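In: pasting the sequence and the predicted coordinates here, then a few questions.
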Amino acid sequence: MQRRSFLGLGLGAAAGAVGLKNSLLAAPGAAPIIQAAGRAKQVLIVMEQGGVSHMDTWDPKPEAPVEQRSPYRNVDTNVPGIQFTELCAKTARHADKLAVVRSMTHNISGHPEGTAYVLQGVKPGGLLAMPDLGTAASQLMGSQCRYLPPYVMIPGNGEQSYNATPGFLSPGLKAFKTGGRDLSDPNWRVNDLALLGGVDVRRFQDRRDLLSNLDIGITKLQPGAGAVAMGNYFDQAFHMLDNPQTRAAFDLQREPLALREAYGMGHRGQSYLLGRKMIEAGVRYVVLDVREPETKLTPGGFNMNWDHHDMIYTNGSCGTVRDKAGGEGRYGISHWVMMGSTDQAFAALLDDLSQRGLLAETLVCFVTEFGRTPKLNKFQGRDHWPYAYSIMFAGAGVRGGQIIGRTDKEGGYVQDEAFTPDDFAATVYDFLGIPLEQPIYTRENRPVFLSPEGRVITRLT
């Protein structure tokens, strides 16, 4: 009989949700825990999946042919000489905090592979399954917070979120996914963060003490990393279940209404706010993987990512029937559930982190897996385009108020300073103080370099 069955710990589904599958640390000795000397203590990734159109947002192209040009006017930012489109007017007020890399490029045009490329920072398809950047950071750096996992994905149920993986590292270090169709729902909660009925705190503590006594015998009978890892897994579950700070960290209702409204009261705004709460609690690596849900205000909006193959400039639904280019289920890029909510939430996030003093030690990255074609297709949409797109960095010593790289006048190809997702990964690791020249090891003691093809984007600092 297994320990958990014997003791009846009352962990319920939490043993799977926050125990063996989502522990704080791998077994001591599995890999060295580095003493980070980097600029960033934490990382917050805003991953807007589907392929955000760069020429309609961060890389406007007023000289493109009229029939292919974005219809949205350019607006000045708070940095002279830098412009975004009017869809990004709120973020434009924070351009002094942002370094916009307009010269991202690669050759992977599929969503699953492109998303994996962003999450792992290594081109997919290799012989070895590489870990997410968040998993690697958790392995090498541990966490500042004992009552939350070191790698959290919010909500972690987007179309390509299944591409998040621990790779060859411990499954206990994979992303903890909060779940939740709509975080704006007042009744939203992370499941399994409470004791089962009939098990009060005193009884739970008694069982924990009994388990500790049994652990002494198990460790003696089965010494080594495996036994210690099992102890770490249960320790993490205990911390999450009996610490009221855990539930408080996930409780959006504790935030002032004015602040919640500043982020936007929809799913995206509240997800971004939860990301800030995770950073404030000390979570090492946070990924926001957000799509607004279909509501009575957005009929037919059942897949609202950025894959705008059809009718990208419509003010409403792009359609609900797959009779065009495959862009059904979403709304036009200018609609509130698309760039409207994104612009508001991202601007509020930058402002909130800055006011709380968290931006100085948190690397914030706004990423997508690729851009959109410089030419409109016959369905008045833009298709997948990995050859040129934009991402953004802020915080942790990033020198804001600058544009890095350049695309041609139509936004089709990179002209200067081309960078890839490998370079993005190398840059994140560098900010965390993780040495790229030092390998980590598989269970078979095989040395592996985390970003073998990546080069740090040095202009950020």
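Out: Happy to help now that I have it. Numbering: from 1, shown residues only.

In: quick one: the strands in the stretch 301-450 of the chain?
Out: 362-367, 371-372, 384-385, 389-394, 402-404, 406-407, 414-416, 440-441, 447-448 (DSSP state E, counting those that start in this stretch).

In: I'd like to know which elements the last one is packed against.
Out: Helices and strands touching strand 447-448, as assessed by 3 or more CB pairs under 8 Å, 6 or more residues apart in numbering; DSSP states H and E, comprise strand 440-441. Just so you know, the C-beta spots here come from the backbone N, C-alpha and C atoms, and that holds for glycine as well.

In: from the contact counts, what lies against the strand it packs on?
Out: Counting by 3+ CB pairs under 8 Å, 6+ apart, strand 440-441 packs on helix 133-141, strand 447-448.

In: for the first one, give the mean pLDDT please.
Out: Averaged across helix 133-141, pLDDT comes to 95.

In: ok and that helix relative to strand 362-367, angle-wise?
Out: 160 degrees (axes from the mean of the first three to the mean of the last three CA atoms, to 10 degrees).

In: distance between helix 133-141 and the chain's centre?
Out: 14 Å (CA atoms, centre = their mean, to the nearest Å).

In: now the next helix or strand after that helix: average pLDDT?
Out: Sequence order places strand 151-155 as the next helix or strand after helix 133-141, per DSSP states H and E. Averaging pLDDT along strand 151-155 gives 97.

In: contacts for strand 151-155?
Out: 132, 134-135, 137-138, 161, 164, 173-181, 183, 271, 274-275, 278, 283-290 (CB atoms under 8 Å, 6 or more residues apart in numbering).

In: let's see which of those residues end up in helices.
Out: 134-135, 137-138, 271, 274-275, 278 (DSSP state H).

In: just the helices from the stretch 301-450 of the chain, written as ranges.
Out: 341-355, 421-432 (DSSP state H, counting those that start in this stretch).

In: domain assignment for the chain?
Out: As recorded under automatic domain parsing, the domains making up the chain are 1-30+194-244, 42-193+250-436.

In: my read is that Phe366 contacts Glu48, right?
Out: Yes: contact criterion CB atoms under 8 Å: Phe366 and Glu48 qualify, at 7.2 Å.

In: run through who's touching stretch 305-319.
Out: For stretch 305-319, the surrounding residues in contact (CB under 8 Å, 6+ apart) are 48-53, 56, 71, 111, 158-159, 291, 298-301, 324-335, 338, 368, 372, 376-377, 379-384.

In: please redo it, this time with the cut-off set to 7 Å
Out: 48-53, 71, 159, 291, 300-301, 324-328, 330-335, 368, 372, 379-383 (CB atoms under 7 Å, 6 or more residues apart in numbering).

In: for the buried ones among those residues, write the corresponding PyMOL selection.
Out: Entered in PyMOL, the line below selects the buried ones among these, by 16 or more other CB atoms under 10 Å:
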select buried, resi 48+49+50+51+52+53+159+291+300+301+324+325+327+328+330+331+332+333+334+335+368+372+379+380+381+382+383
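
In: circling back: the domains of the chain: which one's closest to Arg455?
Out: domain 42-193+250-436 (5.3 Å; CB to CB).

In: and the end-to-end length of the closest one?
Out: Chord length of domain 42-193+250-436, first to last residue, is 18 Å (CA to CA, to the nearest Å).

In: let's number from 20 now, not from 1
Out: Fine by me, first position is 20 from now on; the one you just mentioned is domain 61-212+269-455.

In: who touches the closest residue to Val356 other than its chain neighbours in this structure?
Out: Leaving aside its chain neighbours, Val356 sits nearest to Glu311 (4.0 Å; criterion: CB to CB, 6 or more residues apart in numbering). Shown in contact with Glu311 (CB under 7 Å, 6+ apart): 285-287, 323, 356, 360.

In: as JSON lines, the residues you listed with neighbour count would be great.
Out: Listed next are the contacts of Glu311 as JSON lines, based on neighbours: other CB atoms under 10 Å:
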{"residue": "Gly285", "neighbour count": "23"}
{"residue": "His286", "neighbour count": "25"}
{"residue": "Arg287", "neighbour count": "29"}
{"residue": "Met323", "neighbour count": "25"}
{"residue": "Val356", "neighbour count": "22"}
{"residue": "Ser360", "neighbour count": "23"}
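
In: backbone dihedrals for the closest residue to Gln87 other than its chain neighbours, both of them.
Out: What sits nearest to Gln87 in space, not counting adjacent residues and going by CB to CB, 6+ apart, is Lys394, at 5.0 Å. The phi/psi pair for Lys394 (degrees, to the nearest 10) reads phi -110, psi 140.

In: any regions of the stretch 270-419 of the chain where pLDDT drops low?
Out: Nowhere does the stretch 270-419 of the chain drop to pLDDT under 70.

In: any idea how many residues pack against Ile298?
Out: 27 (other CB atoms under 10 Å).

In: that one against Val62, yeah?
Out: No: Ile298 is not in contact with Val62 according to CB atoms under 7 Å; the separation is 8.9 Å.

In: show the buried residues in the contacts of strand 170-174.
Out: By 16+ other CB under 10 Å, those give 151, 153-154, 156-157, 180, 183, 192-199, 202, 290, 293-294, 297, 302-309 as buried.

In: could I get the ones in helices among the contacts of strand 170-174 as TSV with distance to Val209?
Out: Shown next, in TSV, are these (distance: CB to CB, whole Å):
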residue	distance to Val209
Gly153	18
Thr154	20
Ala156	22
Ser157	19
Ser290	13
Leu293	10
Gly294	14
Met297	11
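
In: wait, which of those residues is closest to Thr339?
Out: Ser290 (24.4 Å).

In: returning to what we had before: most neighbours per residue, which of the domains of the chain?
Out: domain 61-212+269-455 (a mean of 21; mean count of other CB atoms under 10 Å).

In: off-centre distance for that one?
Out: Taking mean C-alpha positions (CA atoms, centre = their mean), domain 61-212+269-455 and its chain are 8 Å apart.

In: so Gly133 is in which element?
Out: helix 130-139.
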